[in-house]
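Student: curious how this folds, go ahead:
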Amino acid sequence: MPTKKSRSKSQRASPKKADTKLVRENNELMCERDESLEREAATSDILRMIASSPAELQPVLDAIAERAARLCDAENAAVFRVDGSFYRLAAHFGQIPTATTLAAVPDRGGVIGRAIIDCQTIHVHDLQAAEAEFPRARGIALGLRTVLATPLLHGGVAIGAIQIRRREVRPFSDKQIKLLKTFADQAVIAIENARLIHEQQARNRDLTEALEQQTATSEILRVIASSPTDLQPVFDAIVGSAARLCEATFAALHRFDGQVITFDAHHSMTESEVEASRRRFPQPLNRETSVGRAILDRRITHIHDIQRDPEYQVRAGQVSFRTVLAVPLLREGQPVGAMGLWRREVQPFSDKQIALVETFADQAVIAIENVRLFQELKELLEQQTATSEILGVIASSPTALQPVLDAIAQSAARVCGSDDATIRLLEGDEMILAAHFGTIPPPGPGRGSLGWRSVGNEALLQRRTIHIPDLQAEAERFPDSSHIGRGIRTFLVTPLLREGTAIGVIAIRRKEVKPFTDKQVALLETFASQAVIAIENVRLFKEIQERNAELREALEHQTATAEVLGIISRSPTDVQPVLDSIVESAARVCGIDDVHLRLQAGNMMVSRAHFGPIPIGPVEIGIDSPPARWLREHGTLHIPDVRAQNEIQLLDPSPPRTFLIVPLRQQEEVIGALAARRIEVRPFTPAQIKLLETFADQAVIAIENVRLFNELKESLEQQTATSEIL
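Tutor: Model prediction:
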């Protein structure tokens, strides 16, 4: 039976043991917490790498291998990717060698192969003891004992595996196995992100190619619209675009009138090749040429090598090309010509290129048909199409910028636990204070020079976040920083980046030495991104407003031209209403004080229409006057200030200050002029000049319509008289 004294000692020892156990448990909890934080930091770092460089896969896989080996206490780690029927090494970290050129077929006799085939994690506690189960394991010869491999699964399919190894028999813990699976999931995310980005880049290349093709076809349509009576510019544009976009050595376009084939346009041919073609054409239809065969068969002729084609007749001078593509021009199923493309080497055209040439052939047929309709005087006004394009982007939140920046500064200071927050924007070579919130007065008088050696300037110039835990310790580095003398100790600043260009900075400060956490740094970078979005939204909104003003002006111009076209269609026998409408519309839409239109009559330019308060005067203008000579030699005459020039002498008794004369051309001959005058110095804009040139073209159309109508009427009267006599 213990004595009273012994019982007292035992009771005193028991609390000490309890304290020791508690300390040990606390230490274990602290270690476990540190390990957990380290694991979370590692996975967060990898996720940031994936987010910052989604197309760069290798740095992410290297980081995963390094962190897997370090956090799982392994001697090495390796990441493998499945490539067809093989798997290959993608990343490695550690002292244990791994063949960098490893490429093997997945096999259940190996640890990696079994993980890939079974789509399951394989944990081998002792590789030497399991040699019979894993005969193909490569690590046995290297003295490896414990191996852990987990597959990279995407959609239930293994696209690779990650493996960690030890030279001693020491199985991995459940936490380490779970962590390795997390790294495997991150590797899958990185691999899939890179794959999707590469696929997107490939699609972008396809879209770029499609855009080039659409641009070329749009350009040809523009040429068709601008040359309603002349096919040559259209044919030249078509063969030029076809040769360039289809990578042909040269191209040519031929027409077929039902009897012979003619040589009508060419691109990139040498002078000798052009001369040889002109000697061969016109020629009757036959199968000895690619264009003849396409016209006869009414379908595409694609000869990969003319020297191996039994029907193709290689003539002298044609040995310089090998591959030929000919596409017929079909109108309602009937051939009206063909377009040919040639390559000097044996290189067949792709399906996309053939389809593009078919589109060009269709456009050539459209041009031919348009000219035919115009020449036959059937539905003259149908080819005068007025199109209106309203390009308006209505912003859903066109808010002012200042409230957004103020809110960002307030949130940054509050959420990041700083004494204040400041936003500065770059204007020229100065940093302008845009927003501030906090107890610290805003730095400086509101401006700062880029030449100063300050924290904000360094972040701006280097386009990266700058974190200074103690600004006083960095005084030599930032001698121009005014924050040092104001008791600022901790400083964090991040640039505002728009498409890689720094447009400003956002900074948060503390009066005590208390560095910001990684989370707070990330938050400030997020606030910077939001500020950039707000700035960009306001900029885009202003651009949209400016664009809308331009569109309204364009709509007014188009409406005026449409009204004139309507008068043309309603007055096929009387040109005067059209001319009156043209001068009135030009003055109203372009804000012109005076507009008058003159037509040539003999050796004089006679006034035919006038609108405005400025009197024309009785003076008639001769066709050899300085303005008339200028119109014939140079085209449109624009004099921003009549008194500031002496080159052109105007005949008006009291000339205005700004003058614009647009010639009326008919078959390259000047038949009149459309003159616009302003009392004050106010030059015409390019859009207004273009509109007046359009009005001049419409006047010529109206004059020509009346002439054609009168000729047709006279011809009909003659035929009627002849019929009556017969």
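Student: can you show me the strands along the stretch 451-600 of the chain?
Tutor: Counting by DSSP state E, counting those that start in this stretch, one finds strands in the stretch 451-600 of the chain at the ranges 466-468, 490-498, 501-510, 594-601.
Student: out of those, nearest to Val578?
Tutor: For the strands of the stretch 451-600 of the chain, distance to Val578 was read as Cβ to Cβ. The smallest value, 10.0 Å, belongs to strand 594-601. For the C-beta atoms, the positions are set from N, CA and C on the backbone; glycine is no exception.
Student: then the closest one to PDB, C-alphas only?
Tutor: Output in PDB follows, covering the C-alpha atoms of strand 594-601 (Å, rounded to 0.1, in the frame of the first residue of the first chain):
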ATOM      1  CA  ASP A 594     -24.700  77.200-103.000                       C
ATOM      2  CA  VAL A 595     -24.700  74.400-105.600                       C
ATOM      3  CA  HIS A 596     -25.000  74.700-109.300                       C
ATOM      4  CA  LEU A 597     -24.700  72.300-112.200                       C
ATOM      5  CA  ARG A 598     -23.400  73.200-115.700                       C
ATOM      6  CA  LEU A 599     -23.500  71.100-118.900                       C
ATOM      7  CA  GLN A 600     -21.400  71.500-122.000                       C
ATOM      8  CA  ALA A 601     -23.100  73.200-124.900                       C
END
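Student: list the buried residues in that strand.
Tutor: By 16 or more other Cβ atoms under 10 Å, the buried positions in strand 594-601 come out as Asp594, Val595, His596, Leu597, Arg598, Leu599, Gln600.
Student: so what's the last one up against?
Tutor: In this case it means Gln600. Contacts of Gln600 were listed using Cβ atoms under 8 Å, 6 or more residues apart in numbering, and they are Val606, Ile623, Val670, Ile671, Gly672.
Student: could you dump the buried residues of strand 594-601 into JSON lines and include pLDDT?
Tutor: As requested, the buried residues of strand 594-601 are arranged in JSON lines below (pLDDT from 0 to 100):
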{"residue": "Asp594", "pLDDT": "85"}
{"residue": "Val595", "pLDDT": "88"}
{"residue": "His596", "pLDDT": "83"}
{"residue": "Leu597", "pLDDT": "87"}
{"residue": "Arg598", "pLDDT": "83"}
{"residue": "Leu599", "pLDDT": "85"}
{"residue": "Gln600", "pLDDT": "80"}
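Student: ok, those residues vs Thr685, which is closest?
Tutor: Set against Thr685, the nearest of the buried residues of strand 594-601 by Cβ to Cβ is Val595 (15.8 Å).
Student: can you pull out the helices in the stretch 551-700 of the chain?
Tutor: Along the stretch 551-700 of the chain, the stretches classed as helices by DSSP state H, counting those that start in this stretch are 576-590, 626-634, 686-725.
Student: output the contacting helices and strands for the first one.
Tutor: The one in question is helix 576-590. Contacting helix 576-590 under the criterion 3 or more Cβ pairs under 8 Å, 6 or more residues apart in numbering; DSSP states H and E are the following elements: helix 518-570, strand 594-601, strand 604-611, strand 669-678, helix 686-725.
Student: ok, back up a step: just the contacts of Gln600 now: which is nearest Thr517?
Tutor: Among the contacts of Gln600, and counting by Cβ to Cβ, the member closest to Thr517 is Val670, at 77.9 Å.
Student: residues near that closest one, how many?
Tutor: For Val670, the number of neighbouring residues by other Cβ atoms under 10 Å comes to 18.
Student: wait, isn't it in contact with Ile661?
Tutor: No. Between Val670 and Ile661 no contact is recorded; they are 10.6 Å apart, counting by Cβ atoms under 8 Å.
Student: mind listing the shared neighbours of the two?
Tutor: Here Val670 and Ile661 have Leu631 as joint contacts, going by Cβ under 8 Å, 6+ apart.
Student: related to what we said a few turns ago, any chance of a markdown table for the buried residues of strand 594-601, columns distance to Ile300?
Tutor: Below are the buried residues of strand 594-601 laid out as a markdown table (distance: Cβ to Cβ, whole Å):
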| residue | distance to Ile300 |
| --- | --- |
| Asp594 | 59 |
| Val595 | 53 |
| His596 | 56 |
| Leu597 | 51 |
| Arg598 | 54 |
| Leu599 | 51 |
| Gln600 | 51 |
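Student: ok, which of the strands of the stretch 451-600 of the chain comes nearest Gln95?
Tutor: Of the strands of the stretch 451-600 of the chain, nearest to Gln95 by Cβ to Cβ is strand 466-468, at 34.2 Å.
Student: picking up where we left off before, quick one: which of the helices of the stretch 551-700 of the chain has the weakest pLDDT on average?
Tutor: Per-stretch mean pLDDT for those is lowest at helix 626-634 (a mean of 76).
Student: list the buried residues in it.
Tutor: For helix 626-634, a neighbour-count test (16+ other Cβ under 10 Å) marks Pro627, Ala628, Trp630, Leu631 as buried.
Student: wait, which of those residues is closest to Gln472?
Tutor: For the buried residues of helix 626-634, the residue nearest Gln472 by Cβ to Cβ is Trp630; the value is 74.2 Å.
Student: and the closest one, how far from Phe263?
Tutor: Shown here: Trp630 relative to Phe263, a distance of 39 Å by Cβ to Cβ, to the nearest Å.
Student: same question, Val513
Tutor: Counting by Cβ to Cβ, the separation of Val513 from Phe263 is 85 Å.
Student: what does His610 give?
Tutor: 50 Å.
Student: could I get the contacting residues of Pro97?
Tutor: Under the criterion of Cβ under 8 Å, 6+ apart, the contact list for Pro97 reads Leu142.
Student: wait, is it part of a helix?
Tutor: No. Using DSSP: H, G, I helix; E, B strand; the rest coil, the assignment for Pro97 is coil, not a helix.
Student: shift numbering so it begins at 6
Tutor: All set: I'll call the first residue 6, so the last point we hit is now Pro102.
Student: and the helices in the stretch 106-255 of the chain?
Tutor: With DSSP H, counting those that start in this stretch as the criterion, the stretch 106-255 of the chain has helices spanning 116-123, 179-231, 237-250.
Student: which of those comes out lowest on mean pLDDT?
Tutor: If you rank those by mean pLDDT, helix 179-231 sits at the bottom with a mean of 73.
Student: how about the contacts made by Ala369?
Tutor: For Ala369, the residues meeting the contact criterion (Cβ under 8 Å, 6+ apart) are Val239, Phe240, Ile243, Leu258, Leu334, Gly342, Met344.
Student: OK, contacts around the fourth one?
Tutor: The neighbours of Leu258, taking Cβ under 8 Å, 6+ apart as the test, are Phe240, Ile243, Val244, Asp269, Ala270, His271, Gly342, Ala343, Met344, Gly345, Ala369.
Student: the fifth one too?
Tutor: Leu334 is in contact with Arg260, Phe261, Pro340, Val341, Gly342, Ala343, Met344, Ala366, Ala369, Val370, Ile373, counting by Cβ under 8 Å, 6+ apart.
Student: need these in TSV (columns: distance to Asn715, pLDDT and secondary structure).
Tutor: Written out in TSV, the entries for the contacts of Leu334 read as follows (distance: Cβ to Cβ, whole Å; pLDDT from 0 to 100; DSSP: H, G, I helix; E, B strand; the rest coil):
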residue	distance to Asn715	pLDDT	secondary structure
Arg260	32	88	strand
Phe261	35	89	strand
Pro340	37	88	strand
Val341	32	86	strand
Gly342	35	88	strand
Ala343	40	88	strand
Met344	40	87	strand
Ala366	39	83	helix
Ala369	34	79	helix
Val370	33	80	helix
Ile373	28	76	helix
